[in-house]
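Visitor: have a look at this prediction, sequence included:
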Amino acid sequence: MVKTITIMDDAYNMLKKNKSKEESFSDIIRKLTVKQKTDLTKWVGILNKEEYKNLNKEIKSIREETSKDLEKRFKKIKW
């Protein structure tokens, strides 16, 4: 099915600039609107062991505080 849309000239020019000769406007719109998956391998090795341990401790602490806070809030709710 084909739909007609109206876009401003600047938006058209931006799409056209990002489009290769082999791509249709539909292809480029799909490409630009799909959520990109992050490649986590680029982050491997960014922390040393000490930083990793400290970060894990901090995350654990935040999770515990959040759990305690939620538990208190739920106790206040009258079911």
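Guide: Yes, it's here.
Visitor: which SS state does Ile5 fall under?
Guide: Classification of Ile5 using DSSP: H, G, I helix; E, B strand; the rest coil returns coil.
Visitor: mind listing what it touches?
Guide: Contacts of Ile5 were listed using C-beta atoms under 8 Å, 6 or more residues apart in numbering, and none were found. In short, each C-beta sits where N, CA and C put it, glycine included.
Visitor: let me know the pLDDT of it.
Guide: pLDDT, Ile5: 92.
Visitor: now do Val2
Guide: pLDDT recorded at Val2 is 89.
Visitor: separation between it and Lys19?
Guide: Going from Val2 to Lys19 by C-beta to C-beta, to the nearest Å gives 18 Å.
Visitor: burial of Ile29, as a residue count?
Guide: Neighbourhood size, Ile29 [other C-beta atoms under 10 Å]: 15.
Visitor: can you give the contact residues for the lowest-mean-pLDDT helix or strand in the chain?
Guide: When each helix and strand of the chain is scored by mean pLDDT, DSSP states H and E, helix 25-33 comes last, with a mean of 91. If you take C-beta under 8 Å, 6+ apart as the criterion, helix 25-33 is touched by 15, 18-19, 23.
Visitor: helices or strands next to the longest helix along the chain in the packing?
Guide: For the chain, the helix with the greatest residue count under DSSP state H is helix 49-76. If contacts are counted by 3 or more C-beta pairs under 8 Å, 6 or more residues apart in numbering; DSSP states H and E, helix 49-76 sits against no helix or strand.
Visitor: how far does that helix sit from its chain's centre?
Guide: Centroid separation for helix 49-76 versus its chain: 22 Å, with C-alpha atoms, centre = their mean, to the nearest Å.
Visitor: same thing with stretch 30-41?
Guide: In terms of C-alpha atoms, centre = their mean, the centre of stretch 30-41 is found 9 Å from the chain centre.
Visitor: how about stretch 11-28?
Guide: Chain-centre distance of stretch 11-28: 23 Å, with C-alpha atoms, centre = their mean.
Visitor: and that stretch, which residues are buried?
Guide: Across stretch 11-28, burial judged by 16 or more other C-beta atoms under 10 Å covers 19, 28.
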